[in-house]
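Student: would you be able to build a 3D model of this:
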Amino acid sequence: MKKAILILCVLLLVVPAALFAGGSTEAVASGADSKMGGVLVFGRSGDSVSLDPGRETDGESFYASTAVFDTLVEFVPGETAVQPALAKSWDVSANGLEYVFHLREGVKFHDGTPFNAEAVVFSFERQFKQDHPYYNLGPWKYWGYMDMDNIVKEVVAVDDLTVKFILKKVEAPFIANLAMDFASIVSPTAVAKLGEEFKNNPVGTGAFKFVSWTKDSDIVFDRNADYWGGPVYLDRLILKVIPDATSRWLALQKGEVDLIDFPSSEDIPAMRSTKGIQLIQQAGLNVGYLALNTQKKPFDNKLVRQAMNYAIDQKEIVEGAYGEAGQVAKNPLPPNMWSYNDDIEDYGYDAAKAKELLAKAGYANGFKMELWAMPVARPYNPDARKVAEIMQAQLAKVGIQAEIVSYEWGTYLDKTDQGEHQAAMLGWTGDNGDPDNFLWVLLSEPAAIPPAGNIAFWKNREFTDLLAKAKATADQAQRDTLYRQAQVIFHEEAPWVPIAHSVVTVPAKDAVKDFVLYPTGKRVFKHVWLEK
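Tutor: Numbering: from 1, shown residues only. This is a model prediction of the structure:
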């Protein structure tokens, strides 16, 4: 009887599920075939800086590299939970210092070379071993932002399909970190062949193969027919740069693009009522802020930084630039992140209090400053120029004369992470669903070393020590308490003026199917298809 039941169970496992739904294997095949084909054009606000995800930190660069590369683990679509990717499973030692990954068999890079343990070792060692032959292709900014030099001791190829990470210390978010773009696995053969040009000609194992890049115009990718992760439906993916939000909307209406990023808040009502258009939305895991460079006068004075927080009316900014998609920020973490400290009382707009603090700091007549504004729309700031103009008018009311400054996107990022600014707008979308990815990357002391993620260049030992303790424990309740305490210090010291959190909206043609927004800000097209 047991043998009969076992045989039946085996038969049930091998019979396609379609038969139990009244279908057939032919129906399943034809269903997949019906999704195949088509060219999808994604209209975005700016261009990538480069296509090597180990070198970059900005979303526009990751939009492109995500199509080409895979990681050992990846985020579940639409979530921050982690699932297997190039690694089919992993084991963690009892002391939390060794992670062993078991790799998928038969995966190949786009250049035809095999994916294996040596490729994993290569992809990581190039970012931290200074004697590695391709270490000089950096700087490896995100590796530094994530404090990986103080986390990873060694990466070892145990055999062709097994890799071991040996850590220097326990790191609670380590697995989530490996789902981030900087941890992408690159083709060693392609890096050796192309050298510096690899950043413009990426080769990975991902769903799409790189075809061409016309700077400030478009990046073209073709389907990887041999993709290990299931069928890729689109024949071609094109990322097209259209800097102006209204122009992107017009291009969508004309059918020149299939979906767009960062619509103007003023256009959203019309989008809702336009036939053939869908709005894909999700609360963003993000924060937009004005970083005050604490290493430059007058922002080396805490009273001046606090005065800036009272002088800037975030509510007016949200109403003027974000519309219904914005929410006033008071903390460096978004409200939908665990450990968000809602007990903290926002500074609130108070021009009289701002003047009082400025006088106390020795600036009764105000001062002149540069206010840097980003040249591109981002999830956390849809129109930085408009936000800067609103801030400029608000600051003038308390005697602060702000000159608005901007640069091309790549230059802007380079200059801010070297600390050339006095005050600069920037923001962040969480990459791994962990508070550490905001607080450590953007505000810790190690992150203030150029090229800096902490562009306020704020150094507070008590704050950093709390974060270090939180990283070193797997007890989420304890981590929650430590992060809440850290936010209190941030609020008092005021290295930023937090501006807003936003709902992310992607308008698309109704024909675009299975496009999912990720809380981490990724744009993933490997399972997207176009209805014929």
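
Student: helix or strand with the lowest mean pLDDT in this protein?
Tutor: Taking mean pLDDT, DSSP states H and E as the measure, the helices and strands of the chain show their lowest mean at helix 17-20, namely a mean of 32.

Student: my guess is residue 42 is in a helix, correct?
Tutor: No - counting by DSSP: H, G, I helix; E, B strand; the rest coil, residue 42 is not part of a helix but strand.

Student: so it versus residue 189, what's the distance?
Tutor: Here the criterion is Cβ to Cβ, to the nearest Å. By it, residue 42 lies 29 Å from residue 189. For the C-beta atoms, the positions are set from N, CA and C on the backbone; glycine is no exception.

Student: same question, residue 148
Tutor: Plainly put, residue 148 is 24 Å away from residue 189 if you go by Cβ to Cβ.

Student: these two: which is more packed in?
Tutor: residue 148 (21 against 16; other Cβ atoms under 10 Å).

Student: chain neighbours aside, what residue packs nearest to that one?
Tutor: Setting aside the residues directly before and after it, residue 148 is nearest to residue 128 in space (Cβ to Cβ, 6 or more residues apart in numbering), at 6.5 Å.

Student: and what of residue 404?
Tutor: In space, not counting the residues next to it along the chain, residue 404 is nearest to residue 388; the distance is 4.7 Å by Cβ to Cβ, 6+ apart.

Student: count of neighbours near the one you found?
Tutor: Around residue 388 sit 24 other residues, with neighbours defined as other Cβ under 10 Å.

Student: cool, the one 4 residues further on as well?
Tutor: Counted by other Cβ under 10 Å, the residues lying close to residue 392 total 16.

Student: kindly report the same for residue 136.
Tutor: Close neighbours of residue 136, defined as other Cβ under 10 Å, add up to 11.

Student: residue 269 and residue 315, how far apart?
Tutor: Using Cβ to Cβ, one obtains 21 Å as the distance from residue 269 to residue 315.

Student: who are the packing partners of the longest strand anywhere in the chain?
Tutor: Ranked by residue count, the top strand of the chain under DSSP state E comes out as strand 496-509. Judged by 3 or more Cβ pairs under 8 Å, 6 or more residues apart in numbering; DSSP states H and E, strand 496-509 is in contact with helix 245-254, strand 259-260, strand 277-283, strand 286-292, helix 314-317, strand 326-328.

Student: export those to a markdown table and append columns for mean neighbour count, distance to residue 98 and mean pLDDT.
Tutor: What follows is those, written out as a markdown table (neighbours: other Cβ atoms under 10 Å; distance: least, Cβ to Cβ, whole Å; pLDDT from 0 to 100):
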| stretch | mean neighbour count | distance to residue 98 | mean pLDDT |
| --- | --- | --- | --- |
| helix 245-254 | 18 | 47 | 97 |
| strand 259-260 | 25 | 43 | 98 |
| strand 277-283 | 15 | 36 | 93 |
| strand 286-292 | 27 | 34 | 98 |
| helix 314-317 | 20 | 45 | 97 |
| strand 326-328 | 20 | 42 | 94 |
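
Student: would you list those in JSON lines and tack on distance to residue 208?
Tutor: Formatted as JSON lines, those follow (distance: least, Cβ to Cβ, whole Å):
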{"stretch": "helix 245-254", "distance to residue 208": "22"}
{"stretch": "strand 259-260", "distance to residue 208": "16"}
{"stretch": "strand 277-283", "distance to residue 208": "20"}
{"stretch": "strand 286-292", "distance to residue 208": "26"}
{"stretch": "helix 314-317", "distance to residue 208": "37"}
{"stretch": "strand 326-328", "distance to residue 208": "33"}
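
Student: looking at the ones you listed, which is closest to residue 518?
Tutor: Among those, the nearest to residue 518 by Cβ to Cβ is strand 277-283 (8.1 Å).

Student: by contact count, what packs against the closest one?
Tutor: Judged by 3+ Cβ pairs under 8 Å, 6+ apart, strand 277-283 is in contact with helix 268-272, strand 496-509.

Student: strand 496-509 and that one, what's the angle between them?
Tutor: Note on geometry: by axes from the mean of the first three to the mean of the last three Cα atoms, to 10 degrees, strand 277-283 and strand 496-509 are set 150 degrees apart in direction.

Student: find the nearest non-adjacent residue to residue 203, please.
Tutor: Nearest residue to residue 203 in three dimensions, chain neighbours excluded: residue 190, at 3.6 Å (Cβ to Cβ, 6+ apart).

Student: so for the helix or strand that the longest strand of the chain is followed by, mean pLDDT?
Tutor: Proceeding N to C from strand 496-509, the next assigned helix or strand is strand 512-513, under DSSP states H and E. The predicted model gives strand 512-513 an average pLDDT of 98.

Student: give the partner strands of strand 512-513 in its sheet and their orientations.
Tutor: Here the strand partners of strand 512-513, with direction, are listed using DSSP bridges: strand 529-530 (antiparallel).

Student: mind checking how far the strand it pairs with is from the chain centre?
Tutor: The chain centroid and the centroid of strand 529-530 are separated by 25 Å, computed with Cα atoms, centre = their mean, to the nearest Å.

Student: give me the buried positions along the longest helix anywhere in the chain.
Tutor: In terms of residue count, the longest helix belonging to the chain (DSSP state H) is helix 476-493. Under the neighbour-count criterion of 16 or more other Cβ atoms under 10 Å, helix 476-493 has 479-480, 482-487, 490-491, 493 buried.

Student: from residue 283, how far off is the closest residue to residue 331 other than its chain neighbours?
Tutor: The spatially closest residue to residue 331, leaving aside those adjacent along the chain, is residue 487, at 5.3 Å (Cβ to Cβ, 6+ apart). Residue 487 sits 19 Å away from residue 283, taking Cβ to Cβ as the criterion.

Student: ramachandran coordinates for the residue nearest to residue 148?
Tutor: Per-residue torsions, residue 128: phi -140, psi -20 (degrees, to the nearest 10).

Student: need the strands for the stretch 301-450 of the chain, in chain order.
Tutor: For the stretch 301-450 of the chain, strands defined by DSSP state E, counting those that start in this stretch occupy the ranges 326-328, 367-372, 400-405, 423-429.

Student: for the third one, what is the average pLDDT?
Tutor: Strand 400-405 shows a mean pLDDT of 98.

Student: hang on, the earlier thing: want to throw the strands of the stretch 301-450 of the chain into TSV with distance to residue 221?
Tutor: Conversion of the strands of the stretch 301-450 of the chain to TSV gives the following (distance: least, Cβ to Cβ, whole Å):
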stretch	distance to residue 221
strand 326-328	32
strand 367-372	33
strand 400-405	35
strand 423-429	22
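
Student: okay, now the unreliable bits of this protein?
Tutor: 1-32 (pLDDT under 70).

Student: what about stretch 265-283, distance to the chain center?
Tutor: The chain centroid and the centroid of stretch 265-283 are separated by 23 Å under Cα atoms, centre = their mean.

Student: what does stretch 169-187 give?
Tutor: Using Cα atoms, centre = their mean, the offset of stretch 169-187 from its chain centre is 13 Å.

Student: how about that stretch: buried residues?
Tutor: Within stretch 169-187, judged by 16+ other Cβ under 10 Å, the buried ones are 171-187.

Student: same thing with stretch 501-513?
Tutor: Of the residues in stretch 501-513, 501-509, 511-512 count as buried by neighbour count, 16+ other Cβ under 10 Å.
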